[in-house]
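In: output the structure for:
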Amino acid sequence: MLRGHDVVCLSTIDWQFIWQGHQEIMSALAANGNRVLFVENTGVRAPSIRDLPRVRQRVRNWWRGTKGFRQERQNLFVYSPILLPFPYSRIAGWLNRLLLVRSLGRWMRAARFDRPVVWTFLPTPLALDVIRSLDPLVTIYYCIDDLASSSPGARRIATSEKALFAEADLVFVTSDRLRERALKSSERVHLFPFAVSYAKFDRARETPDHVPDDIARLPRPVVGYVGGLHQWIDFPLLRQAALALPDVSFVFIGPEQTDTSDLAGLPNVHLFGQRPHDDVPRYMKGFDVGIVPYRLSEYTANVYPTKLNEYLAMGLPVVTTDLAEIRRFNAEHGPTIAVAEDAGGFVAAVRQALHAVPPEVRDRRIAIARTNSWASRLAEMSTLIDGVIAGRSRDRSWEDRLRRIYRRSRGQLAAALATLVLVYVVLFQTSFAWWVAEPLQVAEPPRQVDAIVVFAGGVGESGVAGGGYQERLKQALDLYRGGFAPRMIFSSGFVFSFSEAQVMRDLALANGVPADAIKLETNAANTYENVRFTHEILAAHGWRRVLLVSSPYHMRRAMMTWRKFAPDIDVVAAPVLFSQFYQHGRGASLDQLRGLLHEYAAIVVYRWRGWI
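Out: Below is the predicted model of the structure:
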């Protein structure tokens, strides 16, 4: 078996999902001295409401580890990535690729993974991009399902899967139908149906311990199924079988992944739910017949049932629906499995399977399972992988290494350029900046107060001397003329040739405001001092209600400062209604972005200083 390599597995299931070939293969490789990183499913379709428990579990798995990475056992590590759940969106795909490649790269550097063997069960565009970025020693695609036919949301996977067939160094498939499809794009295709951990089932069969109590107490005979109760189970067929065989106990061991109401309420049907994988052989020991009741579809036409060899390893008779891979299995091993074409045939096959058979029939089932063990499968697979590695070692040269370095550099440059393009589009061609700016705005309907307070801008958000005071002064004049207050207070310590507060006073006088209705505050250098020095004027005159005029996007910080420093003053936010500086179309300008960034940075600084 393969030994001494670093392996990255891109899985279609999570590590804690029903134990299947994914976990079996990677556990065996880790036990044989390879270091394995098992990357949990990154998705073949957008999630739905029924996937919420799995999403919650993914988040919990991420928190269990370090940045999503954790060690499950010696040489075996698991990564639970959190990504955008849109596997065929270009923008989401780009972001996911950036996140996943960067996370994997950092972990591989920390763990000193070098040129891994990439073993993928996942043929999505994201998986293909990740494989290319890792510069693998060998790429293996183990195609175990026709994922494109598994759901409407996964149909678009066909394009990237075709590319993966062509690019992979080795393609392993579990069924004839999958082999036929893979051969259209690759000559490196090998048939390896899922196998059985034979030693584990052999021990359980030969050990004279009791079956679990919950199955031992059921009336015999017992017809059993192990696996997920998913959309591909023929529930109407099972209902007919249970009704036709009322003296038979039907036991189902596995999670309920779809509606099981067809079986609900039947007295001889028992849904046990999921059980630990190590206990599965003991449960099967309580079966008299094992079943594979899949409905016929384009998807199941490509399926090789994992549980088939597990039943046989326990010496059980097996009854299945008319699956193509079961027909092939019988052609290869002889008429071992009873195949039913309809519900009536299924019932008849179960009845027949319950009859006693000579010991040599049972022994033959076990012998067939032994030839389909994971140990023999992995030995054959490893021979093929070692052959590819040996060929790579002979061909390796300084030219090959230089090409890899340049490929990696091109990838990094492309990622950097793509990042810049994305940032440019988001900031300058979309409304993202204005969505970010929205929380900065505060405005209230004006009401009667003691004074109108104007905080002038200095260089303010525009970065230009005097760039904001004109609009603020006009807003204050409109409020004054509207009769909302009998006086104004102009606050600004900024001087550029002339005092900004004095300039505002002169303009107000020119617009008909009496001199005795204007107060000046000329010392403030920032918003905090605007509030502090203006409050002294208000306190000296006994004024307690004000309309505050400032830039729309400065108003949040100004109001927070008022509430912190002078909670005794009733401040009404009355920002500039139509700010020329903040007029915008779809995107923002560089000056506008700088102004918004300045405001958010100022809020952080004010909070750190305790001013808000």
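
In: pLDDT score for Gly344?
Out: We have a pLDDT of 94 for Gly344.

In: whoops, Arg410 was the one
Out: pLDDT at Arg410 comes out at 66.

In: change the start of the numbering to 52 and stick with it
Out: Yes, from this point I'll number from 52; that puts the last item at Arg461.

In: what bits of this structure have low per-residue confidence?
Out: Within the chain, the ranges that satisfy pLDDT under 70 run 96-102, 201-202, 204-205, 444-463, 508-519, 631-637.

In: find the residue at the geometric middle of this structure.
Out: Leu134 (3.2 Å; C-alpha atoms, centre = their mean).

In: which element, helix or strand, includes the nearest residue to Ile182 once chain neighbours are set aside?
Out: In space, and not counting its chain neighbours, Ile182 is closest to Val169: 5.3 Å by C-beta to C-beta, 6 or more residues apart in numbering. Glycine gets a C-beta too; all of them are placed from N, C-alpha and C. Using DSSP states H and E, the element containing Val169 is strand 168-171.

In: Ser433: what secondary structure?
Out: Of the three states, Ser433 takes helix under DSSP: H, G, I helix; E, B strand; the rest coil.

In: please name the nearest non-neighbouring residue to it.
Out: Nearest in space to Ser433, with sequence neighbours left out and distances taken as C-beta to C-beta, 6+ apart, is Leu53 at 4.3 Å.

In: I figured that neighbour was touching Asn83, is that so?
Out: Yes - the pair Leu53 / Asn83 is scored as a contact, 6.8 Å apart, by C-beta atoms under 8 Å.

In: look at those two and report which has more neighbours.
Out: More crowded of Leu53 and Asn83, by other C-beta atoms under 10 Å: Leu53, with 22 against 16.

In: the more buried one and Arg86, how far apart?
Out: 12 Å (C-beta to C-beta, to the nearest Å).

In: count the residues that sit near the residue nearest to Ile182.
Out: So Val169, with other C-beta under 10 Å, has 26 neighbours.

In: before we move on, what about Gly55?
Out: 8.

In: just the element for the residue nearest to it when sequence neighbours are not counted, please.
Out: Sequence neighbours aside, Gly84 is the residue nearest to Gly55 in space, at 5.7 Å (criterion: C-beta to C-beta, 6+ apart). Here Gly84 is covered by no helix or strand, with elements defined by DSSP H and E.

In: and Gly84, how many neighbours?
Out: Neighbours around Gly84, by other C-beta under 10 Å: 13.

In: for it, give me phi and psi.
Out: phi 100, psi 10 (degrees, to the nearest 10).

In: ok, it - contacts?
Out: Gly84 makes contacts with Arg54, Gly55, Asn126, as judged by C-beta atoms under 8 Å, 6 or more residues apart in numbering.

In: if I read this right, the last one contacts Ala82, doesn't it?
Out: What that stands for is Asn126. Yes - using C-beta under 8 Å, Asn126 is in contact with Ala82, at 7.4 Å.

In: who has more neighbours, these two?
Out: More neighbours surround Asn126 than the other of Asn126 and Ala82, with 18 against 14 (other C-beta under 10 Å).

In: which helix or strand contains the closest residue in space to the more buried one that isn't next to it in sequence?
Out: The spatial neighbour of Asn126 that comes closest, neighbours along the chain excluded (C-beta to C-beta, 6+ apart), is Ala81 at 4.0 Å. Element membership of Ala81 [criterion: DSSP H and E] is helix 72-82.

In: for the following helix or strand past that helix, buried residues please.
Out: Counting by DSSP H and E, the next helix or strand C-terminal to helix 72-82 is strand 86-90. Using 16 or more other C-beta atoms under 10 Å as the test for burial, strand 86-90 gives Arg86, Val87, Leu88, Phe89, Val90.

In: go on, stretch 322-339?
Out: Gln325, Arg326, Val331, Pro332, Arg333, Tyr334, Met335, Lys336, Gly337, Phe338, Asp339.

In: likewise stretch 390-405?
Out: Neighbour-count burial for stretch 390-405, counted by 16+ other C-beta under 10 Å, picks out Val390, Ala391, Ala394, Gly396, Phe397, Val398, Ala400, Val401, Ala404, Leu405.

In: same question for stretch 376-384.
Out: By 16+ other C-beta under 10 Å, the buried positions in stretch 376-384 come out as Glu376, Ile377, Arg379, Phe380, His384.

In: and that stretch, C-alpha only, in PDB?
Out: Extracted in PDB, the C-alpha atoms of stretch 376-384 (Å, rounded to 0.1, in the frame of the first residue of the first chain):
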ATOM      1  CA  GLU A 376     -24.300  -2.700 -10.800                       C
ATOM      2  CA  ILE A 377     -26.000  -5.600  -9.100                       C
ATOM      3  CA  ARG A 378     -26.500  -7.300 -12.500                       C
ATOM      4  CA  ARG A 379     -22.800  -6.800 -13.200                       C
ATOM      5  CA  PHE A 380     -21.900  -8.100  -9.800                       C
ATOM      6  CA  ASN A 381     -23.800 -11.300 -10.400                       C
ATOM      7  CA  ALA A 382     -22.300 -11.600 -13.800                       C
ATOM      8  CA  GLU A 383     -18.800 -11.500 -12.200                       C
ATOM      9  CA  HIS A 384     -19.400 -13.600  -9.100                       C
END
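
In: now it, how far from the centre of its chain.
Out: 38 Å (C-alpha atoms, centre = their mean, to the nearest Å).

In: strands along the stretch 402-551 of the chain, start to end?
Out: For the stretch 402-551 of the chain, the strands defined by DSSP state E, counting those that start in this stretch cover 502-506, 539-542, 546-547, 549-550.

In: okay if I get the ones you listed as TSV plus distance to Ala293 and mean neighbour count?
Out: Shown next, in TSV, are these (distance: least, C-beta to C-beta, whole Å; neighbours: other C-beta atoms under 10 Å):
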stretch	distance to Ala293	mean neighbour count
strand 502-506	78	28
strand 539-542	83	26
strand 546-547	89	13
strand 549-550	92	14
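
In: looking at these, which is closest to Val439?
Out: strand 502-506 (71.0 Å; C-beta to C-beta).

In: counting contacts, what elements does that closest one pack onto?
Out: In terms of contacts (3 or more C-beta pairs under 8 Å, 6 or more residues apart in numbering; DSSP states H and E), strand 502-506 is packed against helix 520-532, strand 539-542, helix 578-592, strand 596-600.

In: show me the strands paired with the shortest one, marking each as parallel or antiparallel.
Out: By that I understand strand 539-542. Next to strand 539-542 in the sheet, as set by DSSP bridges, lie strand 502-506 (parallel), strand 569-572 (parallel).
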